[in-house]
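1. Quick one: sequence and predicted model below, then my questions.
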Amino acid sequence: ILKVVGKALEQRRLQREVRRLRREVERRYSFANLIGKSQAMQEVFRQIEQVAISRGTVLILGESGTGKELVAKAIHYNSPRRNGPFVVIDCTAIPEMLQESELFGHAKGAFTGAVGTKRGLLEEADGGTLFLDEVGELRPPTQAALLRVLQDGTFRRVGDTRTMQVDVRVIAATNKDLGQAVRASQFREDLYYRLKVVPIQLPPLRDRREDIPLLVDHFLQSAKGGLRQGHREVGRVTPEALDLLLCYPWPGNVRELENAIERALLFCDGEAIGPAHLSPEVRTQTG
């Protein structure tokens with residue numbers, strides 16, 4: 001009985017120590033759901049803290065899946081505008097001919113089907129932050145109208161003659177090389193420099209592999225210790241599986257890693273994720 005009780009007490013002590021260490025890791029290496037102890041991510045955290053208190057326009061650069069929207073949210077919710085709206089516009093999801101109407105709104109009768117006046121997302125963001133995801137997809141007329149907003153905070157709804165004023169901070173993001181798009185006459189040069197007041201470059205996951213163990217643990221904890229399989233709970237990754245995760249090049253970056261952990265949890269029938277629970281791509285490809 002003494003041995004059983006002693007083992008239980010030791011297990012409880014270890015569980016408390018693990019929780020303490022996880023809290024310490026989150027305190028030192030996380031920022032508004034962004035995770036990273038690498039020098040590159042620590043620099044990103046420093047930039048977020050610096051630009052959050054300013055009014056400057058921010059351009060977030062990085063590959064798809066690196067967490068550009070998380071950075072935009074971190075800037076907004078650590079800024080004086082935190083109590084204002086945070087409005088996201090996915091420029092790739094809006095048909096080209098509807099971009100101006102969605103962003104700036106339209107007047108009644110502006111085009112066929114415009115049966116009433118509509119507020120645009122720019123007005124919805126008044127007093128807060130407007131996040132333009134994949135800003136490189138905006139068509140030229142929309143780029144020109146956005147430039148006016150950045151210059152003096154004014155705009156016109158589609159089909160309206162009235163000029164309206166908004167107080168909005170713009171944060172834009174792209175996975176494109178906007179400099180190359182400018183040289184190819186696909187993006188306005190004046191708008192490019194207006195957006196690039198404060199550029200923040202997000203590193204791809206393959207360039208910060210030391211963050212992978214932290215991210216894996218974060219995703220496991222986000223799933224509250226893993227998905228229950230029967231009476232078991234998945235709460236860790238075996239060293240062999242972690243080695244595979246560290247070697248894989250992660251072309252989809254952090255988003256792909258999160259999906260990989262979610263998949264592994266679904267297929268795991270024990271207390272730990274092993275190599276067999278990872279996708280064939282992760283098991284066979286290395287970077």
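-> Nice, thanks for sending it over.
2. Flag every buried residue along stretch 212-224.
-> Burial within stretch 212-224, assessed by neighbour count using 16 or more other C-beta atoms under 10 Å, is assigned to 212, 214-220, 223. Bear in mind the C-beta positions are built from the backbone N, C-alpha and C, glycine included.
3. Can you lay out those as JSON lines showing pLDDT?
-> Output for the buried residues of stretch 212-224, formatted as JSON lines (pLDDT from 0 to 100):
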{"residue": "Ile212", "pLDDT": "96"}
{"residue": "Leu214", "pLDDT": "93"}
{"residue": "Leu215", "pLDDT": "95"}
{"residue": "Val216", "pLDDT": "94"}
{"residue": "Asp217", "pLDDT": "90"}
{"residue": "His218", "pLDDT": "90"}
{"residue": "Phe219", "pLDDT": "91"}
{"residue": "Leu220", "pLDDT": "88"}
{"residue": "Ala223", "pLDDT": "73"}
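4. Check the gap between His218 and Arg156 for me.
-> Relative to Arg156, His218 is positioned 45 Å away (C-beta to C-beta, to the nearest Å).
5. residues in contact with Asp243?
-> By C-beta atoms under 8 Å, 6 or more residues apart in numbering, Asp243 lies in contact with nothing.
6. what's the pLDDT at it?
-> Predicted confidence (pLDDT) for Asp243: 95.
7. Spell out which helix or strand contains it, please.
-> helix 239-247 (DSSP states H and E).
8. gap between that helix and the chain center?
-> On the basis of C-alpha atoms, centre = their mean, to the nearest Å, helix 239-247 sits 24 Å off its chain's mean C-alpha point.
9. export that helix as PDB, just CAs?
-> Output in PDB follows, covering the C-alpha atoms of helix 239-247 (Å, rounded to 0.1, in the frame of the first residue of the first chain):
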ATOM      1  CA  PRO A 239      10.400  10.900 -29.500                       C
ATOM      2  CA  GLU A 240      10.300   8.900 -32.700                       C
ATOM      3  CA  ALA A 241       7.200  10.800 -34.000                       C
ATOM      4  CA  LEU A 242       8.700  14.100 -32.900                       C
ATOM      5  CA  ASP A 243      11.800  13.300 -34.900                       C
ATOM      6  CA  LEU A 244       9.600  12.900 -38.000                       C
ATOM      7  CA  LEU A 245       7.800  16.100 -37.300                       C
ATOM      8  CA  LEU A 246      11.100  17.900 -36.900                       C
ATOM      9  CA  CYS A 247      12.400  16.600 -40.200                       C
END
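10. Would you mark the buried spots in that helix?
-> Neighbour-count burial for helix 239-247 flags 241-242, 244-245 (criterion: 16+ other C-beta under 10 Å).
11. average pLDDT across stretch 56-68?
-> 96.
12. That should have said stretch 158-166, apologies.
-> Regarding stretch 158-166, the rounded mean pLDDT is 86.
13. what about Leu195, how many neighbours?
-> By the criterion of other C-beta atoms under 10 Å, Leu195 has 26 neighbours.
14. Is it in contact with Gly56, as I believe?
-> No: Leu195 is beyond contact range of Gly56, at 10.4 Å (criterion: C-beta atoms under 8 Å).
15. My guess is Pro204 contacts Gly62. True?
-> Yes: at 7.4 Å, Pro204 and Gly62 qualify as touching, with contact defined as C-beta under 8 Å.
16. With that, I have no additional questions.
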